[in-house]
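Engineer: I would like to see how this sequence folds:
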Amino acid sequence: MPPLLTAGFRPFFLAAGAWATLAMAAWMPLLTGQFDLPSRFDPLSLHIHEMLFGFVMAAAGGFLLTAISNWTGRAPVTGTPLAVLLGLWLLGRIVCLGSMLIPGWLVVAADLSFPVALEVVAARELLAVGNRRNYPLLAPVFVLAIANLLMHLQRDIGWRLGIAVVIVLISVISGRIVPAFTRNWLNARGIKPVPPSADLLDRIALGVLHAGMIAWTFLPSWLPVGALLLIAAVLNLIRLARWRGIATLEEPLLLVLHIGYLWLVIGVALLGLSLITDAVPPAAAVHALTAGAMGTMILAVMTRATLGHTGRVLRADRVTMLIYALASASAVVRIVAAWVGEGQMGLYEVASLAWVGAFALFLGEYGPMLLAPRR
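Structural biologist: Okay, the predicted model is just below:
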């Protein structure tokens, strides 16, 4: 069996990196009309769709397939079943790019085949051992499939639902891994205090955040939702501060997880402000949540998991630090562009180049690790 098919993170992290690079590289030429694709999606909708349901879904699939084997103690999904899942993901990308040439129902069926198959595989693994603690993590994949369907039906609620679900997923997973990794690192060095265990504050912070994101999905212009999101941002900033990220400055591989969650806080705050005042463009908030929180956190998890699961030392080298810097720089420039009138296209190009650079470097640095046997 080729190394690529021995664990879920290998093909899907590679696919996520490749699609993040290719889809963004094509975005500016599509936006400016330099070339067209036979897609039913307009350029902006295609960009949103492929970032959420191409790039993010691939990364989520790689994480879920790898984590499930740790949660259940069962052998990971490998070989032919893993190849089939990858093929379904790739099929979805192909049919979306050429959807005008294919019957609409077939495009939808093909594009939804991957999240449906991933849900079936994940449910089978968790149910086989009665892993009730992680049953709730089946919900995001199911809801992402619904969000994807809504985008195919040309409903704006689709992309908002997609963003909300991913932010909810990041907030839950981060609460498991960020304080735990930080606690282990600090304990190994005898540094006190360490992040506390999850408590009532964490549950309140998550509850308000999830309520706010779901409310925004359905009521994207209602002022009280803006206030709820601002409260969520404050509570999650307190939550993040208790994770002691400031103490991890000398370890970028750990620090970047805290930065990724900080992007989530910033994005939620901007989203709340965008509902309350016209001074904050919605595009700034959306890109803080997507390019900032999603992009940074996905890169943080993919780099750390690749190093750990391929038998390498958990330490960020200079290339990895540059990857993180470029990802955050892309988010910052794209957010600034939301406030700029003249010269906005130039900032779009800079943000796109920084994003492409981050993920191209990821492919160059981590691609060989993903393709090679474990050390």
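
Engineer: nearest residue to the middle of the chain?
Structural biologist: The chain has M294 as the residue nearest its centroid, 3.8 Å off, counting by C-alpha atoms, centre = their mean.

Engineer: need the contact list for it.
Structural biologist: Neighbour list for M294: V56, V166, I167, I170 [criterion: C-beta atoms under 8 Å, 6 or more residues apart in numbering]. All C-beta atoms are positioned from the backbone trio N, CA, C, and that covers glycine.

Engineer: for the last one, which non-adjacent residue is closest in space?
Structural biologist: I take that to be I170. Sequence neighbours aside, M297 is the residue nearest to I170 in space, at 5.5 Å (criterion: C-beta to C-beta, 6 or more residues apart in numbering).

Engineer: and for the one you found, the neighbour number?
Structural biologist: Neighbourhood size, M297 [other C-beta atoms under 10 Å]: 26.

Engineer: got the contact list for it?
Structural biologist: With C-beta under 8 Å, 6+ apart, M297 has these contacts: I170, S174, L257, G260, Y261, W263, L264.

Engineer: what's the span of stretch 274-281, first residue to last?
Structural biologist: In stretch 274-281, first residue to last residue: 6 Å (C-alpha to C-alpha, to the nearest Å).

Engineer: next, the buried residues of it.
Structural biologist: For stretch 274-281, burial by neighbour count (16 or more other C-beta atoms under 10 Å) applies to S274, L275, V280, P281.

Engineer: please apply the same query to stretch 41-48.
Structural biologist: Neighbour counts over stretch 41-48 (16+ other C-beta under 10 Å) mark F41, P43, S45, L46, H47, I48 as buried.

Engineer: and for stretch 74-81?
Structural biologist: P76, V77, T78.

Engineer: go ahead and list the helix or strand containing the second one.
Structural biologist: Spelled out, it's V77. Using DSSP states H and E, V77 is not contained in any helix or strand.

Engineer: what score does it have for pLDDT?
Structural biologist: pLDDT, V77: 93.

Engineer: could we number from 254 for the rest of this?
Structural biologist: Okay, residue one is now 254; in that scheme the one you just asked about reads as V330.

Engineer: who touches it in this structure?
Structural biologist: Applying C-beta under 8 Å, 6+ apart, the residues near V330 are G261, L318, I321, S322, L338, V374, E378.

Engineer: least confident of these?
Structural biologist: Sorting those by pLDDT puts S322 at the bottom of the list (87).

Engineer: can you get me a residue count around it?
Structural biologist: Residues within reach of S322, counting by other C-beta under 10 Å, total 16.

Engineer: also P389?
Structural biologist: P389 has 9 neighbours, counted by other C-beta under 10 Å.

Engineer: also R456?
Structural biologist: Using other C-beta under 10 Å: R456 sits among 11 other residues.

Engineer: so how far is L542 from it?
Structural biologist: Going from R456 to L542 by C-beta to C-beta, to the nearest Å gives 22 Å.

Engineer: can you check A381 too?
Structural biologist: A381 sits 35 Å away from L542, taking C-beta to C-beta as the criterion.

Engineer: can you pick out the residue with more neighbours from these two?
Structural biologist: L542 (25 against 10).

Engineer: list the buried residues for stretch 379-396?
Structural biologist: By 16+ other C-beta under 10 Å, the buried positions in stretch 379-396 come out as L379, N384, N387, L390, L391, P393, V394, F395, V396.
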